[in-house]
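A.B. asks: test case, fold it:
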Amino acid sequence: MGEKLKAKRILIFNVNWLGDVLFSSAAIRNIRRNYPDGYIACVIPSRCYPILKGNPYLDEVIIFDEKDRHKGVLEKLNFVSLLKKKKFDTVFLLHRSFSRALICRLAGIKQRIGHYTKKRAFLLTKKIVPPKKDSLHRIDYYLDVIEKAGLRVEDRYLDFFFTPADEEQVDDFFKKNLLNPHDFVVAINPGGNWMLKRWPLDYWAILADKLISETGAKVIITGSISDLLLAGQIKDAMKESPLIACGVFNLKQLGALAAKVELFITADTGPLHIANAVGAKKIIAIFGPTAQTITGPYPSTNVVVLQKDIGCRIPCYKVNCPDNRCMQVVTPDDVLAQVKKIFTSKEDI
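C.D. replies: Numbers count the residues shown, from 1 in each chain. Below is the predicted model of the structure:
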């Protein structure tokens, strides 16, 4: 591992997706442990800001939107200028991109550490040999950068922080919708950024109906405002009446909701990992084209992952898959059976 790097002002150039930024939270915490008195900042896109907002291991969160506000050359140069003024001496590049390494070189950051790629090798001062593709869980993939740089890694769990004010928003929603502490409240999260990871809409409708009619559950459909149409379609396909909370809660409040409900059901998407990070009581995760060993929930003590082998290679990155069988093969009855197994009787519920 070698001698630990000397660093006082540290930048972490992070990745672009909610789930991946959550997975990187273990690296952030471990960097702080190695540099308890250092100044540590993290660069993320604005859509991921809520994941790290309020993180006590960071002194600053810096926004970099490569495809929006920093799209042009001039905007990128302005961003370089911003980093230069902050006088960072070390950067951990969790993202493998060439442009981010170049930005850090132009910003005069002396120690630039990241996974080696042929294109950006000359921009790195410490080249970390990358692990074989898909050989590590994402948590370990990011920890690999700092461990091979000589830092001590003590643990590998996720961090996600919400406030009492976020809990109050959830409590208000419960009161407004006449949900009481004795209710068996189930949150279902049908959305997701990648269509092939989504469970079929009609499956969600069947499952939600059965949860309400067979277990007496109160079902809340969660998601962002962009999931409102999907939630409405699920409700329209149902006989029973779920509550729709799409666009009602921000990501912090979603974390507070996940910690409060009895059960959180979702596919492999950011909210799964938020629910797991906040210690949700029980989670059922439906997996299809992705691999549990790479993007599965960790730790998995309170999670049941449902995934069936249909003979396809997993992980599968076939964007134009014609049938999405890997998701369809997990049925509403499969999920319901797990619910009943977890909560063995109505009395338990």
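A.B. asks: use CA for all of it now, contacts and neighbours both
C.D. replies: Noted.
A.B. asks: could you export stretch 200-210 as CSV, CA atoms only?
C.D. replies: In CSV, the C-alpha atoms belonging to stretch 200-210 read as follows (Å, rounded to 0.1, in the frame of the first residue of the first chain):
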residue,chain,number,x,y,z
PRO,A,200,-43.7,-3.9,-15.5
LEU,A,201,-46.4,-1.3,-14.7
ASP,A,202,-49.2,-4.0,-14.5
TYR,A,203,-47.1,-6.0,-12.1
TRP,A,204,-47.0,-3.1,-9.7
ALA,A,205,-50.8,-2.7,-10.0
ILE,A,206,-51.4,-6.4,-9.3
LEU,A,207,-49.0,-6.4,-6.3
ALA,A,208,-50.4,-3.2,-4.8
ASP,A,209,-54.0,-4.6,-5.1
LYS,A,210,-52.9,-7.8,-3.4
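A.B. asks: gap between it and the chain center?
C.D. replies: 24 Å (Cα atoms, centre = their mean, to the nearest Å).
A.B. asks: please apply the same query to stretch 283-294.
C.D. replies: Put simply, stretch 283-294 sits 13 Å off its chain's centre (Cα atoms, centre = their mean).
A.B. asks: now that stretch: average pLDDT?
C.D. replies: Per-region confidence: stretch 283-294 scores 93 on mean pLDDT.
A.B. asks: quick one: end-to-end length of it, please.
C.D. replies: Its first and final residues considered, stretch 283-294 spans 18 Å by Cα to Cα, to the nearest Å.
A.B. asks: in it, what counts as buried?
C.D. replies: Neighbour counts over stretch 283-294 (16 or more other Cα atoms under 10 Å) mark 283-292, 294 as buried.
A.B. asks: among those residues, which pair sits farthest apart?
C.D. replies: Maximum pairwise distance in those, criterion Cα to Cα, is 19.0 Å, between 283 and 289.
A.B. asks: quick revisit: now, which of the buried residues of stretch 283-294 lie within helices?
C.D. replies: 292, 294 (DSSP state H).
A.B. asks: take the buried residues of stretch 283-294 and keep only those in strands.
C.D. replies: 283-286 (DSSP state E).
A.B. asks: okay if I get these as TSV plus distance to residue 264?
C.D. replies: Shown next, in TSV, are those (distance: Cα to Cα, whole Å):
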residue	distance to residue 264
283	5
284	6
285	8
286	11
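A.B. asks: between those, which is closest to residue 322?
C.D. replies: Among those, and counting by Cα to Cα, the member closest to residue 322 is residue 286, at 19.4 Å.
A.B. asks: so the closest one touches residue 269, yeah?
C.D. replies: No: assessed by Cα atoms under 8 Å, residue 286 is found out of contact with residue 269, at 9.8 Å.
A.B. asks: so where's the stretch 1-150 of the chain uncertain?
C.D. replies: For the stretch 1-150 of the chain, the stretches flagged by pLDDT under 70 are 1-4.
A.B. asks: okay, helices next: where are they in it?
C.D. replies: Listed in chain order, the helices found in the stretch 1-150 of the chain under DSSP state H, counting those that start in this stretch are 18-34, 49-52, 73-86, 98-106, 138-148.
A.B. asks: neighbours around residue 193, how many?
C.D. replies: 12 (other Cα atoms under 10 Å).
A.B. asks: and it, which of the three is it?
C.D. replies: Classification of residue 193 by DSSP: H, G, I helix; E, B strand; the rest coil places it in coil.
A.B. asks: pLDDT value on it, please?
C.D. replies: On the pLDDT scale, residue 193 gets 75.
A.B. asks: quick one: contacts for it?
C.D. replies: By Cα atoms under 8 Å, 6 or more residues apart in numbering, the contact set of residue 193 is residue 269.
A.B. asks: for the protein, just list every one of the strands.
C.D. replies: 9-13, 39-44, 60-63, 90-93, 111-115, 126-128, 185-189, 218-221, 243-244, 263-267, 283-286, 303-306.
A.B. asks: of these, which is nearest residue 177?
C.D. replies: Judged by Cα to Cα, the one of those that comes nearest to residue 177 is strand 243-244, at 8.1 Å.
A.B. asks: in its sheet, what does that closest one sit against?
C.D. replies: Paired strands of strand 243-244, with direction, are strand 218-221 (parallel) (DSSP bridges).
A.B. asks: can you pull the buried residues of the strand it pairs with?
C.D. replies: In strand 218-221, counting by 16+ other Cα under 10 Å, buried: 218-221.
A.B. asks: may I see those residues organised as CSV, with pLDDT added?
C.D. replies: Shown next, in CSV, are the buried residues of strand 218-221 (pLDDT from 0 to 100):
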residue, pLDDT
218, 97
219, 98
220, 98
221, 98
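A.B. asks: run a quick neighbour tally on the nearest residue to residue 64 once chain neighbours are set aside.
C.D. replies: Nearest-residue entry for residue 64: residue 45, 5.0 Å, with adjacent residues in sequence omitted and distances by Cα to Cα, 6 or more residues apart in numbering. With neighbours defined by other Cα under 10 Å, the count for residue 45 comes to 21.
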